[in-house]
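A.B. asks: Quick one, what's the 3D model for this:
(2 chains)
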2 protein chains.
Amino acid sequence: MGGPLIETGAVGRRGGDGPDPGFYDVIHRRRDVRAEFNGEAVDPSVLERVLDAGHCAPSVGLSQPWDFVLVTEEATRRAFWSHVQRERQVFADSLEGEEAERFAGIKIDGVLEASLSVVVTYDPARGAPNVLGRHAIADAGLYSVCLAIENLWLACTAEGWGMGWVSFYREAYLRELLGIPDPVRPVAWLCIGPVNALQAVPDLERHGWRSRAPLAGVLHTEHWESGGDEAVQRLSGPARVGGGLPKAPPEGGGNGAR
Amino acid sequence: MGGPLIETGAVGRRGGDGPDPGFYDVIHRRRDVRAEFNGEAVDPSVLERVLDAGHCAPSVGLSQPWDFVLVTEEATRRAFWSHVQRERQVFADSLEGEEAERFAGIKIDGVLEASLSVVVTYDPARGAPNVLGRHAIADAGLYSVCLAIENLWLACTAEGWGMGWVSFYREAYLRELLGIPDPVRPVAWLCIGPVNALQAVPDLERHGWRSRAPLAGVLHTEHWESGGDEAVQRLSGPARVGGGLPKAPPEGGGNGAR
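C.D. replies: Model (predicted):
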């Protein structure tokens, strides 16, 4: 079935010599924000662009299985914040020595400081039972919700805002706090809003908790056992990488409508 | 602990009147690509930018728990493609009537046509046992992997390429095909590469399988029960949305190091 197409050469690229540099600027500036929120009220038109970006995310079977609960009320935020502090203590109690000391200096949320909180949920019933692409992988719907969260995150960054994902909470607590019904599952509490600045280096790296690893360390070629260096050589070398295969005849039995 | 800051007003925005329009252009052009791959070899420097964008994604506790397996070999791709066709038939067999007819016309993968496949995995052991932010939500690491996948997807779009997520497969099959060891879990098979064009309308909408729902339908304010219309009115109205709360004294007991 046909439909309007978008020429790839003309979009998202300035002139055609490479991608829009603004896109990678957003990718690299994005931070998990805690201390830098300035608490200024959010511009509703900016917020609508950000939420719309989340809602434009890809989803399995076009199910769009997310919901966004906008939370601004002080009582709700303070209740959640107190719960987060208790969970912080649970984690702190599992640490010893230097690790415990390092964690003591790390801020883990901006719930009270951020202008707005957005709770993102997953509804497995949306589009069910025949969600196209989910019969073999039950978590595929949950994956879609995370794609929407990353769109929200990058849109906040593009708008000069910050976003921080708070994960020191129990799902059952958040479900009760906001009246989220079964089978909907809370996936994230996001702090969102204007910031004074973004850190150039992630908080956990600045505090010596953990450092970013190089890309080469997570690359493999063809098979799990062929790792890092070889993959980078292939990337850097002049050799052809990939290419579509010649058309094959349909293979035995299960070819459906291809 | 201090560190270099980035001024938000100067970055990712052209002039300060709003966000870089190129960013939202990428968000809106992104499609789940199947038929439009042209099979041209990928430029290694472009691929490295794309993979680096994935690797720059946020992750719980800065664990970066993903791996990227680059698959180009014909035997591997044909084997996976055959498996996908069998799973296609499993899903087709669950459909009846008009739904079955509609599905028959929908292409669900571009495994043979795309220049490259990238399999993304999740390693729960990375950074363990004390992954900061994961003690209360076991799936938080899996969520991080999906954020990386969305970065890959948007970067492909920004580069004028396409990406398609194939989810008609069993994890056990893919684990064996690529030799992925326990406890690493395959999360996605991604088809990547140059395309002739991107569809303006998602495939599943063009084929009448399912239509995109309006943003208002997934918005709630303060509580799950306060839905759509009210949230949109709040967004559109002149009223202040959100705002940081005045500092509260630490609350009972578990305040940790805040």
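
A.B. asks: Wondering if the helix or strand harbouring residue A:79 reaches chain B at all.
C.D. replies: Assigned by DSSP states H and E, residue A:79 belongs to helix A:74-92. Yes - judged by C-beta under 8 Å from any C-beta of the partner chain, helix A:74-92 and chain B are in contact via A:74, A:76-78, A:81-82, A:85-92. C-beta coordinates here come from the backbone N, C-alpha and C atoms, glycine included.

A.B. asks: Need the residue closest to the centroid of chain A.
C.D. replies: Computing the C-alpha centroid of chain A and ranking residues by C-alpha atoms, centre = their mean puts residue A:150 first, at 3.0 Å.

A.B. asks: In this structure it contacts residue B:144, no?
C.D. replies: No - Residue A:150 sits out of contact with residue B:144 when judged by C-beta atoms under 8 Å, with a separation of 9.8 Å.

A.B. asks: joint contacts of those two?
C.D. replies: Taking C-beta atoms under 8 Å, 6 or more residues apart in numbering or on different chains as the contact rule, residue A:150 and residue B:144 both touch B:57, B:58.

A.B. asks: who's in contact with residue A:171?
C.D. replies: Listed by C-beta under 8 Å, 6+ apart, the contact partners of residue A:171 are A:185, A:186, B:137.

A.B. asks: Check the gap between the second one and chain B for me.
C.D. replies: Distance check for residue A:186 against chain B: by C-beta to the nearest C-beta, to the nearest Å, it reads 9 Å.

A.B. asks: element containing that residue?
C.D. replies: Secondary structure from DSSP H and E places residue A:186 in strand A:185-194.

A.B. asks: Counting by contacts, list what the helix or strand following that strand packs against.
C.D. replies: Proceeding N to C from strand A:185-194, the next assigned helix or strand is strand A:197-199, under DSSP H and E. Other elements packing on strand A:197-199 under the criterion 3 or more C-beta pairs under 8 Å, 6 or more residues apart in numbering or on different chains; DSSP states H and E are strand B:5-7.

A.B. asks: what sits opposite residue A:70 in the beta ladder?
C.D. replies: In this entry, residue A:70 is beta-bridged to residue A:118, residue B:221, by DSSP bridges.

A.B. asks: Nearest spatial neighbour of residue A:127, chain-adjacent residues omitted?
C.D. replies: Computed as C-beta to C-beta, 6 or more residues apart in numbering or on different chains, the closest residue to residue A:127 that is not its neighbour in sequence is residue A:63, at 3.8 Å.

A.B. asks: ok, that neighbour touching residue A:131?
C.D. replies: Yes - taking C-beta under 8 Å as the contact criterion, residue A:63 and residue A:131 are neighbours in contact, 5.2 Å apart.

A.B. asks: what's the overlap in contacts for those two?
C.D. replies: With contacts taken as C-beta under 8 Å, 6+ apart, the residues that reach both residue A:63 and residue A:131 are residue A:141.

A.B. asks: Now the stretch 1-150 of chain A against chain B: closest residue?
C.D. replies: Nearest residue of the stretch 1-150 of chain A to chain B: residue A:39, at 2.3 Å (C-beta to the nearest C-beta).

A.B. asks: so that residue sits in a helix?
C.D. replies: No - following the definition DSSP: H, G, I helix; E, B strand; the rest coil, residue A:39 is coil and is not counted among the residues of a helix.

A.B. asks: neighbours around it, how many?
C.D. replies: Residue A:39: 19 surrounding residues under other C-beta atoms under 10 Å in any protein chain shown.

A.B. asks: Quick check: it vs residue B:45, distance?
C.D. replies: Using C-beta to C-beta, to the nearest Å, we find residue A:39 at a distance of 42 Å from residue B:45.

A.B. asks: Make CSV out of the contacts of residue A:171 and add distance to residue A:222.
C.D. replies: Putting the contacts of residue A:171 into CSV (distance: C-beta to C-beta, whole Å) gives the following:
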residue, distance to residue A:222
A:185, 36
A:186, 39
B:137, 34
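
A.B. asks: Residue A:119: which of those residues is nearest?
C.D. replies: Out of the contacts of residue A:171, the one with the shortest distance to residue A:119 is residue A:186. That distance is 6.1 Å, counting by C-beta to C-beta.

A.B. asks: hang on, that closest one packs against residue A:117?
C.D. replies: No - under the criterion of C-beta under 8 Å, residue A:186 lies out of contact with residue A:117, with a separation of 12.0 Å.
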